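Colleague: Here is the input, now give the coordinates:
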Amino acid sequence: MLKILASVMVAVSVGVFVRLLYTEISAWWDRRIRRYAAWMVAEFESMLEDMSNDRAKRIITITILGAAVVGFLLGGIGSAVIFAAAAYFGPWGVVLYRRRRRLEAIDEQLVDTLLLMSNALKAGLSLQQALELVVKEMKPPISAEFARVTNEIHLGRFLDDALRRLAERVPLEDVRLATDSILILRETGGDLSETFDVIATTIVERKKVQGKVKALTAQGMSQGVLVCLMPIVMMVMFSLIDAGFMRPFFTTPLGLMMLTLVFLLDGIGLWAMFKLVKVKV
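Modeller: Numbering: from 1, shown residues only. Next comes the predicted model:
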């Protein structure tokens, strides 16, 4: 009887200890990723997508824990730490990638939007009606951004303020140029439709030049990517040929140090290559 009672007491003590440990670790982790999750929520809100704070925290936690488990299975604790540290930036990279794709889509739609607004003004519509026409006729994501502008105007915000907020949410040079032109012409007077035509023509010509520059620099960028991928490809090949050959890189302090240095220098080289071949137009 005493043995059973002692076992129950030990089990209860272990359960309470695990519960307290879990609570403390959860609170500590919550404090660590609170700012990260808030940044993710703000970015998704700017892209007009739903993302709660709790969901962002779960995504970050699952990504890091999953990478740590994979790293542990491949090479032990040291490898788990490296994989977890790398996975910490995974959600950050995905969010930035999605934001960049969205901005590129808006940039592609901007010329058609400006021409549509120009034709609407020539037909006798007001600027606000031209904005509402963009919401009806254009596709997302640019229609969603202009829908937010029109909604803010309907809720009582001044048109100029709504356009300034648009330029802040969509940090594209062409969008800023269009909004600044509208704001200036509303104060000084002028033909907005003609201004939209000029801006659209300027954007089209600049895109042509950018396309030529991109074609000329594509070879240098592809060479940089291939050179930087060579260490990773070689590591995978040696692992497939002889699994024990690469094991010291994941299980010894010197190997982990060398592996970290390889990825660090590889990233710096890729960044330097992109900076060298990138030409601003």
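
Colleague: Quick check on A56: phi, psi?
Modeller: The phi/psi pair for A56 (degrees, to the nearest 10) reads phi -60, psi -40.

Colleague: was I right about it contacting E45?
Modeller: No - applying C-beta atoms under 8 Å, one finds A56 not in contact with E45, separated by 11.1 Å. Using the backbone N, CA and C atoms, a C-beta is placed for each residue, glycine as well.

Colleague: what about those two, which has more around it?
Modeller: Relative neighbour count places A56 above the other of A56 and E45, with 23 against 12, counting by other C-beta atoms under 10 Å.

Colleague: For the stretch 101-250 of the chain, just list every one of the helices.
Modeller: For the stretch 101-250 of the chain, applying DSSP state H, counting those that start in this stretch gives helices covering 127-137, 142-154, 159-169, 173-188, 192-241, 243-251.

Colleague: closest to D30 out of those?
Modeller: helix 159-169 (28.8 Å; C-beta to C-beta).

Colleague: Just the buried residues of that closest one, please?
Modeller: Neighbour-count burial for helix 159-169, counted by 16 or more other C-beta atoms under 10 Å, picks out L159, A162, L163, R165, L166, A167.

Colleague: quick one on the thing from earlier: looking at the helices of the stretch 101-250 of the chain, which is closest to F72?
Modeller: Counting by C-beta to C-beta, F72 lies closest to helix 243-251 out of the helices of the stretch 101-250 of the chain; the figure is 9.9 Å.

Colleague: Report the next helix or strand after the closest one in sequence order.
Modeller: Going down the chain from helix 243-251, the next helix or strand is helix 253-277, by DSSP states H and E.

Colleague: Quick one: list the elements packing against that next one.
Modeller: Helices and strands touching helix 253-277, by 3 or more C-beta pairs under 8 Å, 6 or more residues apart in numbering; DSSP states H and E, are helix 77-87, helix 192-241, helix 243-251.

Colleague: make it 10 Å
Modeller: On a contact count with 3 or more C-beta pairs under 10 Å, 6 or more residues apart in numbering; DSSP states H and E, helix 253-277 meets helix 53-75, helix 77-87, helix 192-241, helix 243-251.

Colleague: chain center to that helix, what's the gap?
Modeller: Its chain's C-alpha centre lies 22 Å from the corresponding centre of helix 253-277 when counted by C-alpha atoms, centre = their mean, to the nearest Å.

Colleague: before we move on, what about stretch 91-101?
Modeller: 2 Å.

Colleague: Name the residues that touch it?
Modeller: By C-beta atoms under 10 Å, 6 or more residues apart in numbering, the residues outside stretch 91-101 that reach it are 33, 36-37, 39-40, 42-44, 46-47, 49, 51, 56, 59-60, 62-64, 89, 141, 171.

Colleague: Just list the residues touching L166, thanks.
Modeller: L166 touches L131, E145, F146, R148, V149, E152, V175, R176, A178, T179, I182, counting by C-beta under 10 Å, 6+ apart.

Colleague: same thing with P231?
Modeller: L259, V262, F263, L265, D266.

Colleague: where's it relative to A130, distance?
Modeller: 54 Å (C-beta to C-beta, to the nearest Å).

Colleague: Same check on R247?
Modeller: According to C-beta to C-beta, R247 and A130 sit 65 Å apart.

Colleague: ditto for P253
Modeller: 65 Å.

Colleague: E168 now?
Modeller: In terms of C-beta to C-beta, E168 sits 21 Å off from A130.

Colleague: low-confidence ranges in the stretch 151-281 of the chain?
Modeller: Across the stretch 151-281 of the chain, the ranges flagged by pLDDT under 70 are 219-220, 243, 277-281.
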